[in-house]
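**Student:** Next comes the sequence, and after it the predicted model I'd like to discuss.
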Amino acid sequence: MTSEPQGSTSAIRDRIHVDTRYFAPTEPALPAIAVQTTRLVNTYMLWVGTTDVEPEQVGEAALQGCFAKDWACAMPVRDLPGTPAAATPLYRSSSSEAALSMAQRLARRFKKQIFLSIDMPPSLGSLGQEGKLLLAIERAVVDTLKAHEAVVDNGAA
């Protein structure tokens with residue numbers, strides 16, 4: 001039987017933080033957006049999806065979504081400013097590569113490894129709303145990551 005070093009559980013808890021945020025529709029034709037963020041050391045894992053849950057129940061949105069519809073990973077290039085982040089799709093169930101290019105932009109901007117999963121209904125693409133929704137998604141993710149970066153910069157968990 002092994003014993004856990006004193007304080008190690010709280011040290012892990014301080015390094016892993018999960019939250020889910022609700023973003024109201026920016027236009028009447030667009031759905032609400034939920035962003036679930038898992039903040040690790042120098043890494044963000046994000047699930048972003050459309051949701052019809054109430055803002056108070058946003059924590060349930062990710063449970064109703066699909067994690068790997070459009071999923072990508074990007075790593076910032078540290079020594080070459082202006083160079084696109086190295087990225088790879090992890091899983092795609094459609095022809096969309098929105099997660100790949102968005103993860104690259106986020107990795108370059110925040111200088112962190114980004115795992116990004118975008119769960120967007122295919123019907124929005126056929127209605128011509130895909131571009132507007134992707135812009136709203138990226139804004140929601142940037143706002144979320146800025147809030148997390150502020151917490152990290154202030155030394156809080």
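**Tutor:** Perfect, I can see it now.
**Student:** Name the residues of the helix or strand containing Leu134 that are buried.
**Tutor:** In this structure, Leu134 sits in helix 130-153 according to DSSP states H and E. Neighbour counts using 16 or more other CB atoms under 10 Å place Glu130, Leu133, Leu134, Ala136, Ile137, Glu138, Ala140, Val141, Thr144, Leu145, His148 of helix 130-153 among the buried residues. In this view, the C-beta of every residue, glycine as well, is placed from N, C-alpha and C.
**Student:** Repeat that for stretch 45-65.
**Tutor:** Met45, Leu46, Trp47, Val48, Gly49, Thr50, Thr51, Val53, Val58, Ala61, Ala62, Gly65.
**Student:** Could you say which helix or strand holds the fourth one?
**Tutor:** Val48 is part of strand 43-51 when elements are defined by DSSP H and E.
**Student:** ok and that strand relative to helix 130-153, angle-wise?
**Tutor:** If you take axes from the mean of the first three to the mean of the last three CA atoms, to 10 degrees, strand 43-51 sits at 140 degrees to helix 130-153.
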